[in-house]
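[1] Here is a sequence together with a model predicted from it:
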Amino acid sequence: MNKHFPLILAFCTLCISSSVHATGKLLSYELVKSYSTKELGDFWKKNNIPKLILTAKDSVDVYELTYETKYTDCNPQPVIASGLFFVPHLKKGKLPLLCYDHGTEIRKERSITMNGEQSLCLGFATDGYAVAFPDYVGLGIGEKDQLYLNAESEARSSVDMLRAVRDLSIILNYELSDKLFITGYSQGGHAAMATHKLIQEQFNEEFKVTASSPMSGPYDVYFSVESGRDKEYTYPVFLMMLVKSYYDTKLPNNRMREVLKAPYDTIIPAMLDGCTSFSTINAALPSIPYKVLTDDFVNDYLHNPISGFKQYLKENSVYNWKPEAPMQLCYCNSDEEVNYKNSLTAYETMVQNGSTNVKLRMSGKKFKHVNCALFAAVYTKMFFDAQLKGGNKKGPIGKRMLIDIGKLAVEP
């Protein structure tokens, strides 16, 4: 199986150099929700968000849209992807554009809600940002299956979403500024870094990144898998999603179940249908997910230097480059789902590559993955606001003090 990987890699290189596809075409849009300033203000108050941190300044319209992207460079047929667009209802001058890449989802279905990461999009939008929230390929109301932690797929769908909302803004008579911000949490941190990298390397004449703030992402995918290989996973399904992504991308004519031990070879592929919940799949797996992989697959991964799966993990690591625009890396030391060393490795590598625009932001020493998200998002907003306004790059001192007090109250 894996002895063919060099041929696959060469073929993909040929695909990249010879295939040019115009993507990002807006296919459909619909106004699906409007939030008043009172609704937003009441929501912040209910969730104990002080007005000094976040104020509901404008009502927000939410549009659901579909657009055209491509599956991969080696499988470049057009596919339909979807996402949400959050825009301030009151049109006051030019709006900076922000791409928010979401964390890991396994079910295709996506609702409209004030909770979770959509609440973060609302927080940016009510304060004057136009926010693109891509579902990625295979999620939402788009086509195909998702390619988990596939840097190319995440970044392509994000860039094409930016193109689609740019066209939608013209239709809706919103004027966008030339400012572009990129962020995301967990898998979204990986996607945000991949998107910034793709724009800088391939689309820098079309988009100019003002700043990015990847948050708690597995930027070194190989390290993230290898460091947890013999440990219990909080979400063992993540490894299964990665194996599926590898097969769907590199070996589409092979079957993932061939590298799973019985009875998992029949149970798990059927569950990765986009309809089954995390909890259901996790309950069907051992806490150390490597135990479900065949000995041949594991031995090839461990001892073959050109193991296809090993190369795939390294290929989708996104930290080894030199960002030209400012980048902030948010993380929490006690994150149990994404090892915080991903952020340190990214920072150190980028500095070694000559970047002077990258900074680390520890968002909490004791926060677990879920609680880290809110404080990382607040630091991200202050960082972006500072880039817009040219003020203190750390954010207003009053907000910083309030955040520190909040962390003391929340941290265990």
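    Right, received. Where do you want to start?
[2] My guess is residue 223 contacts residue 339. True?
    Yes: in this structure, residue 223 is within contact of residue 339 by Cβ atoms under 8 Å, at 7.4 Å. The way it works is simple: take the backbone N, C-alpha and C, and place the C-beta from them, glycine included.
[3] and residue 336, what is it in contact with?
    The contact partners of residue 336, by Cβ atoms under 8 Å, 6 or more residues apart in numbering, come to 234, 368-369.
[4] Then it would be within a helix, right?
    No: secondary structure of residue 336 (DSSP: H, G, I helix; E, B strand; the rest coil): coil, not part of a helix.
[5] how much space is there between it and residue 183?
    For residue 336, the distance to residue 183 equals 22 Å [Cβ to Cβ, to the nearest Å].
[6] next one: residue 291
    On the measure of Cβ to Cβ, residue 291 and residue 183 end up 36 Å apart.
[7] Over to residue 150?
    Plainly put, residue 150 is 19 Å away from residue 183 if you go by Cβ to Cβ.
[8] Those two: which is more packed in?
    Neighbour count, other Cβ atoms under 10 Å: between residue 150 and residue 183, residue 183 has more, with 31 against 27.
[9] in the sheet, who's paired with the more buried one?
    Per DSSP bridges, the residues bridged to residue 183 are residue 100, residue 213.
[10] from now on call the first residue 2
    Yes, from this point I'll number from 2; that puts the last item at residue 184.
[11] so who does it touch?
    With contact set as Cβ under 8 Å, 6+ apart, residue 184 has these partners: 99-102, 193, 213-216, 378, 381, 385.
[12] Please tabulate those residues in TSV, including the columns distance to residue 165.
    What follows is the contacts of residue 184, written out as TSV (distance: Cβ to Cβ, whole Å):
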residue	distance to residue 165
99	15
100	11
101	15
102	15
193	18
213	20
214	23
215	22
216	24
378	24
381	23
385	22
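[13] wait, which of those residues is closest to residue 348?
    The nearest member of the contacts of residue 184 to residue 348, counting by Cβ to Cβ, is residue 215 at 10.7 Å.
[14] My read is that that closest one contacts residue 330, right?
    Yes: counting by Cβ under 8 Å, residue 215 does reach residue 330; the two are 6.0 Å apart.
[15] any common contacting residues for the two?
    Applying Cβ under 8 Å, 6+ apart, one finds that residue 215 and residue 330 are jointly contacted by residue 347.
[16] Give me the more crowded residue out of these two.
    More neighbours surround residue 215 than the other of residue 215 and residue 330, with 33 against 28 (other Cβ under 10 Å).
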